[in-house]
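Asks: Sequence and predicted model, in that order:
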Amino acid sequence: MTIEQAREVLTIEAEGILAVRDQVGPDFDKAIDMIMNCPSRVILTGIGKSGIIGQKIAATLNSTGTASFFLHPVEAMHGDLGIVDARDVVLAISYSGETAELNLLVNSLKNRAVKIVAMTGDPGSTLAKLADSVLNVAVPKEACPLGLAPTASTTAALAVGDALAVVLLDRKKFKECDFRRNHPGGSLGERLKVSVSEVMFTGEHIPMVRENTPLRQAIVILNAKNLGAVLIVDEEQRVTGIITDGDIRRMVAKEVNLDTQYAVDHMTPAPKTISKELLAADALSIMQQHEITILPITDSQGHLTGILHLHDLLGKGEFRFMV
């Protein structure tokens, strides 16, 4: 019974989001344009559960390149209203659209010519009538069996806030490097800012042979270092190629004579490389883009200084591929 109840709640919540998805229309575009043209900040406001949702949306907007903060309606009417500028855009959240304290604040803001985006479940409400753009977050029903506790409605509002943040991120061409700058601390920021030098193998741990090394000996080195590849270098230790486990399998399938061939004959020339000064996230992005698991580390002249393996990168920094 407990499991079925849990599934029913999740179904209602999912149906709420799907309903809101179908309600997205021209006013969403209008809200995006208002925020994109805003020379100042987005101010989120709401009371109770709606206020908590507003705080989360503000945090998401901030981390994805849209300056935002949360303003409590009651505190605003007792002095904090002074921090609102006429150039700001205010996103006011109330499912009923009839929250007295919120509507009092919004009415005051309208008198200051502040642009208002309303997020409400009633497009005909007082809040909606005060707004310049209305985001309809009406859901078929709440997951609460009493129909009293905001559940599906707050989930829907949160999802629409995410939709705003992601569309704005795309419109502003916000990049991964911008995201890292906004997250200098915390576990995510710590993982993303680890440098390549902190996770690479160096010295005797690097599987490396010269170009004229017999192929069989190169395979011995590859197996001994257990990184799935061996790097090929010239007499000045500049990386000229790479031989991987996959290359060896293909050689065996073709019955290549390992005793008469040399590393240079079967290497993949000019492999992708990276500098040790760059971030591990940059290395991960290169590995993802080129579908490789080994990345040689070189200096500005192409000399080999280290090697990076995907498994060690994931394990040490707990990274995941980023889309």
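Replies: Perfect, thanks for sending it. Numbering: from 1, shown residues only.

Asks: could you pull out the helices for the chain?
Replies: Counting by DSSP state H, the chain has helices at residues 2-23, 26-36, 49-63, 73-76, 100-111, 126-130, 152-171, 176-181, 186-192, 215-225, 245-253, 263-266, 280-290, 310-317.

Asks: quick one: low-confidence parts of the chain?
Replies: Counting by pLDDT under 70, the ranges of the chain that qualify are 176-193, 312-323.

Asks: domain assignment for this protein?
Replies: Using automatic domain parsing, the domains assigned to the chain come out as 2-174, 196-317.

Asks: could these go into CSV alongside mean neighbour count?
Replies: C-beta coordinates here come from the backbone N, C-alpha and C atoms, glycine included. Below are these laid out as CSV (neighbours: other CB atoms under 10 Å):
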stretch, mean neighbour count
domain 2-174, 18
domain 196-317, 17
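
Asks: if I read this right, Ala76 contacts Val84, doesn't it?
Replies: Yes: between Ala76 and Val84 there is a contact at 7.4 Å, judged by CB atoms under 8 Å.

Asks: Just want the phi and psi numbers for the residue sitting furthest away from the middle of the chain.
Replies: Distance from the centre of the chain peaks at Thr260, with 50.0 Å (CA atoms, centre = their mean). Dihedral pair for Thr260: phi -120, psi 0, per degrees, to the nearest 10.

Asks: Next up, the contacts around it.
Replies: Neighbouring residues of Thr260 by CB atoms under 8 Å, 6 or more residues apart in numbering: there are none.

Asks: Check Met208 too.
Replies: By CB under 8 Å, 6+ apart, the contact list for Met208 reads Ile221, Val230, Leu231, Ile232, Val233, Gln237, Leu304.

Asks: contacting residues around the last one?
Replies: If I follow you right, that is Leu304. Leu304 sits next to Ile206, Met208, Leu231, Val233, Gln237, Arg238, Val239, Pro296, Ile297, Thr298 when contact means CB under 8 Å, 6+ apart.

Asks: The nearest residue to the first one once chain neighbours are set aside pairs with what?
Replies: This points to Ile206. Spatial nearest neighbour of Ile206, excluding adjacent residues (CB to CB, 6 or more residues apart in numbering): Ile307 at 5.0 Å. Beta-bridge partners recorded for Ile307 (DSSP bridges): Phe201, Pro296.

Asks: Isn't Ser68 up against Asn62?
Replies: Yes: look at Ser68 against Asn62 with CB under 8 Å: they come within range, at 5.3 Å.

Asks: and the gap between the residue nearest to Ile206 and Gln55?
Replies: Counting by CB to CB, to the nearest Å, the separation of Ile307 from Gln55 is 45 Å.
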